[in-house]
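Undergrad: Dropping the sequence and predicted coords here.
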Amino acid sequence: MIMVQDFGELKDGSNTLCEVNGKNEEMLMDINVEKLSTKDKKSYYQQTKEMAILLLEGKLKISWSGKEKLIERKSVFDEDPWCLHVSKETEVTLEVLEESEVIVQCTENANKFEDKLYSPQDCQSDIFGEGVWHDTARRVVRTVFDYRNAPYSNMVMGEVITYPGKWSSYPPHHHPQPEVYYYKFNKPQGFGLCLVGEDAYKIKDHNFVTIKGGLVHPQTAAPGYAMYYCWMIRHLKNNPWTDRIDDPNHTWLWDENVKIWPDK
C-alpha cells in the first residue's frame, strides 16, 4: 500500500485525503483540503460527525451557530492558526474574501459540545528539540486541540514546522491511533523525507501521508526548505492519543548527559 500520495496541483474545490467509508478508510476520518476562490460561498454540515475547519492560507468570513468572524492567514510558516471546531448538527459557512486553502477534518462523535473558535493566541506553540542533539531536531510544534483541552473530541489537530535541514517527529515514535500528515513547503520545489515503519518516501508540496497505528514516522526537510505539516490523529475507543511511544532503540537520546559524535 502506498502511504504517501501526491495531489500535484490542488484542484478547485475539495481534494480528498481520506474518508470514513471510502478512500484510506483505516484512518477513520474524513479529511479534505479545500481550494476556494474569491467570492466562493460554501457550507459544511455533518449529521453524526464533529468537524474542525483549519485556515491554511487566505481570508474569509466564517459563520456558525449565529456567530461570524473575519479571519485571515498569510503564511502557515510565520503565523499561528485559526481553527473552528464544532460538534455534529452544526452548519458552518465560509464566504471567501481572498483565495483560500482550508483543511476540513471530521469523524464520528455522538457527543454534543460547545463550539470553539481557536484564534492564533489560543493555540499552544512550542519549540521542541532545542538545546539537544546539536539542535538537529529543533522544530515548532503547534497544538490546536487534543485530549488535554478537548477531551470530548475524538480527534486531535496540530501543526509542525520543520526547519530546513532538520528533523521532526523525532526520536522515532509510534502510537496505536491512525494519523494523517498534510505537507506544504515554503518554496514550490522544496522537498523532504518521511519514514513510515521501514519505508522512506520523498515528500513534496501538497503531499499527504496516511500512517497506520504502530508504525514509526520521523520526518526531515532538505537543507534550504522549511517543511510544514498539519497532523491529525483519530482517538480509538477507550484509547485516546495522549502521548507518543518512543522506539526503544533510540531512547538513549533522552539521557541527560548524552553525547553526540564528535563529542566524546
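TA: Alright, I've got the coordinates. Owing to the predicted nature of the structure, the values given are computational and were not obtained by experimental measurement. Residues are numbered from 1 along each chain as shown.

Undergrad: check contacts around the nearest residue to Gly158 once chain neighbours are set aside.
TA: Leaving aside its chain neighbours, Gly158 sits nearest to Thr143 (4.5 Å; criterion: CB to CB, 6 or more residues apart in numbering). Any C-beta I mention is one placed from the backbone N, CA and C, and that applies to glycine too. Thr143 sits next to 123-124, 126, 156, 158 when contact means CB atoms under 8 Å, 6 or more residues apart in numbering.

Undergrad: among those residues, which ones are buried?
TA: For those, a neighbour count by 16 or more other CB atoms under 10 Å gives the buried set as 123, 156, 158.

Undergrad: From the residues you listed, which land in strands?
TA: Among the buried ones among the contacts of Thr143, the members falling in strands (DSSP state E) are 156, 158.

Undergrad: Kindly reformat the buried ones among the contacts of Thr143 as JSON lines and extend each row with pLDDT and distance to Thr220.
TA: As requested, the buried ones among the contacts of Thr143 are arranged in JSON lines below (pLDDT from 0 to 100; distance: CB to CB, whole Å):
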{"residue": "Cys123", "pLDDT": "93", "distance to Thr220": "24"}
{"residue": "Val156", "pLDDT": "98", "distance to Thr220": "22"}
{"residue": "Gly158", "pLDDT": "98", "distance to Thr220": "18"}
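
Undergrad: between the buried ones among the contacts of Thr143, which is nearest Trp261?
TA: Gly158 (31.9 Å; CB to CB).

Undergrad: I figured that closest one was touching Val140, is that so?
TA: No: Gly158 is not in contact with Val140 according to CB atoms under 8 Å; the separation is 10.5 Å.

Undergrad: ok, the residue nearest to Gly129 when sequence neighbours are not counted - contacts?
TA: With sequence-adjacent residues excluded and distances taken as CB to CB, 6+ apart, Gly129 is closest to Ala137, at 3.7 Å. Residues near Ala137 by CB under 8 Å, 6+ apart: 128-129, 166-168, 170-171.

Undergrad: Would you list the phi and psi of Ala137?
TA: When read as degrees, to the nearest 10, the backbone of Ala137 gives phi -120, psi 30.

Undergrad: and what of Asn154?
TA: Main-chain dihedrals, Asn154, degrees, to the nearest 10: phi -100, psi 10.

Undergrad: ok so, going back, now, among the buried ones among the contacts of Thr143, which is nearest to Ile233?
TA: Of all the buried ones among the contacts of Thr143, Ile233 sits closest to Val156, with 4.0 Å by CB to CB.

Undergrad: Could you export the buried ones among the contacts of Thr143 as JSON lines, including distance to Glu89?
TA: Shown next, in JSON lines, are the buried ones among the contacts of Thr143 (distance: CB to CB, whole Å):
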{"residue": "Cys123", "distance to Glu89": "26"}
{"residue": "Val156", "distance to Glu89": "22"}
{"residue": "Gly158", "distance to Glu89": "26"}
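
Undergrad: ok, the buried ones among the contacts of Thr143 vs Asn111, which is closest?
TA: For the buried ones among the contacts of Thr143, the nearest to Asn111 is Val156 (15.1 Å; CB to CB).

Undergrad: Excluding residues flanking it in the chain, which one is nearest that closest one?
TA: Closest to Val156 by CB to CB, 6+ apart is Ile233, at 4.0 Å.

Undergrad: From the contact counts, what lies against the helix or strand where the one you found lies?
TA: Secondary-structure assignment from DSSP states H and E places Ile233 in strand 227-234. When contacts are defined as 3 or more CB pairs under 8 Å, 6 or more residues apart in numbering; DSSP states H and E, strand 227-234 packs onto strand 92-108, strand 155-162, strand 179-185, strand 219-221.

Undergrad: can you give me the angle the second one makes with strand 92-108?
TA: Here strand 155-162 runs at 100 degrees with respect to strand 92-108, directions being taken by axes from the mean of the first three to the mean of the last three CA atoms, to 10 degrees.
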